[in-house]
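Participant: coords please:
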Amino acid sequence: MTHPPVPLGTFPTPLEPAPRLGAALGLGPEDLWVKRDDLTGLGGGGNKIRKLEWTVGAALAQGADTLVTTGAAQSNHARLTAAAAARLGLAVVLVLRGSPGASRSGNLALDGLFGARLAWAGEVDQAGLDAAAAEVCDRLRADGRRPALIPFGGSGTLGARGYVRCGEELRAQLPESRTAVVALGSGGTMAGLVAALGTDRVLGVDVGALPDPAAAVVAFAAPLTSREVTAERLRVRRDQVGAGYATLTEPVTEALRLAARTEGIVLDPTYAGRALAGLAAAVRDGDVRPGEKTVFVHTGGLPGLFGHAAAVTAAEEGAGVY
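Facilitator: Numbering: from 1, shown residues only. As a prediction, the model looks like this:
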């Protein structure tokens, strides 16, 4: 049974023209638009709000009093889960990869502000992180709590319903759009867009969060659409991962500067920054062409910029001296 979503965000989010950024990428002045899902409202905004409306709605319907979720230390999803819990009067435990003390900035600062409790899992793989979260849920139940485990990245068929709604917004706002470009992390955001728009109209840029993100997109999207969704049909770029999920590459650094200096839009270095670097590469190799309407889906993540030491250094070094 699918429970109704709980309202958490401000929708529809704006769709804004980006003529200077489009021209800098090699597109026409009316070709590029930005879907501002960084402006979803709650907790600093970002794409995870759309998913949390569904996953937290299900948790409330099941009588949960505590939300538990997993992520990297600078997880945007963890930050917004904490914000959702604060708004709804729930407790929250964030099970994070790594160890305490390496950083207290960025999303971690907001986690604390929202009142989250942190459980550090150490340097584990996804299976280890899942096991740590299951242990936390067991301990909470032993203490008389009613925990609900929100999936990694908020992603799954249920959370992806939030991005079906986003795809519907895009169809209404710019019916003639040819390609929606989005970061591909845990898979739910791209899955919802694919279910709403079709495999040929969505380009996902892999950020390195999963070893096989295309498989996740297929699994999440297929139950939501009558269209055929296979890995072979998906448009996925895997050329922006670099040395790994947490690293900063030169194309991403350039993408951050380009968006900021042409449109005054700030991207994060892990998701939206990689997505724009992937869009730039797609224009260069002809996968995205001038004369076609292209939508860049800005998934938010600004706090993560301040928790990424290399990105902060690169940004500070970009300032000139007068």
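
Participant: who touches the closest residue in space to Gly153 that isn't next to it in sequence in this structure?
Facilitator: Excluding the flanking residues, the one nearest Gly153 by CB to CB, 6 or more residues apart in numbering is Ser186, at 2.9 Å. The C-beta positions use only the backbone N, C-alpha and C, and glycine is treated the same way. Taking CB atoms under 8 Å, 6 or more residues apart in numbering, we find Ser186 in contact with 77, 151-155, 209-210, 213, 216.

Participant: With Glu263 as the reference, measure out to Ser186.
Facilitator: Applying CB to CB, to the nearest Å, the value for Ser186 to Glu263 is 27 Å.

Participant: Likewise for Phe306?
Facilitator: From Phe306 across to Glu263, the span is 20 Å (CB to CB).

Participant: One more: Ala91?
Facilitator: In terms of CB to CB, Ala91 sits 39 Å off from Glu263.

Participant: Kindly report the same for Arg235.
Facilitator: 24 Å.

Participant: unless I'm mixing things up, Leu140 is touching Thr66, no?
Facilitator: Yes: look at Leu140 against Thr66 with CB atoms under 8 Å: they come within range, at 5.7 Å.

Participant: Need the residues touching each of the two.
Facilitator: 93, 146-147.

Participant: and which of those residues is nearest Gly278?
Facilitator: Closest approach to Gly278 among these (CB to CB): Val93, at 33.7 Å.

Participant: So what are the sheet partners of the helix or strand containing the closest one and their directions?
Facilitator: Using DSSP states H and E, Val93 sits in strand 91-96. Using DSSP bridges, the strands paired with strand 91-96 are strand 66-71 (parallel), strand 117-120 (parallel).

Participant: what sits up against that strand?
Facilitator: 65-73, 75, 78, 81-82, 85-86, 111, 114-121, 129, 132-133, 136, 140, 145, 147.

Participant: Going through those residues, which ones are buried?
Facilitator: 65-73, 75, 78, 81-82, 85-86, 111, 114, 116, 118-119, 121, 129, 132-133, 136, 140, 147 (16 or more other CB atoms under 10 Å).

Participant: out of those residues, which are inside helices?
Facilitator: When the buried ones among the contacts of strand 91-96 are checked against helices (DSSP state H), the matches are 78, 81-82, 85-86, 111, 129, 132-133, 136, 140.

Participant: Tell me the bridge partners for Asp206.
Facilitator: Leu184.

Participant: Same check on Leu118?
Facilitator: Assessed by DSSP bridges, Leu118 has beta-bridge partners Leu94.

Participant: in the chain, which ranges drop under the pLDDT threshold?
Facilitator: Within the chain, the ranges that satisfy pLDDT under 70 run 1, 102.

Participant: would you list every one of the helices in the stretch 151-300 of the chain?
Facilitator: All helices of the stretch 151-300 of the chain, identified by DSSP state H, counting those that start in this stretch, fall at 157-173, 188-197, 213-221, 250-263, 272-284.

Participant: Tell me which of these sits most buried.
Facilitator: The highest average neighbour count among those, using mean count of other CB atoms under 10 Å, belongs to helix 188-197 at a mean of 30.

Participant: other SSEs contacting that helix?
Facilitator: helix 48-61, helix 157-173, strand 177-184, strand 202-206, helix 213-221 (3 or more CB pairs under 8 Å, 6 or more residues apart in numbering; DSSP states H and E).

Participant: And the contacts of that helix?
Facilitator: Residues contacting helix 188-197 (CB under 8 Å, 6+ apart): 47, 50-51, 153-157, 159-168, 170-171, 180, 182-184, 202, 204, 213, 216-221, 224-225, 227, 229, 234, 297, 299.
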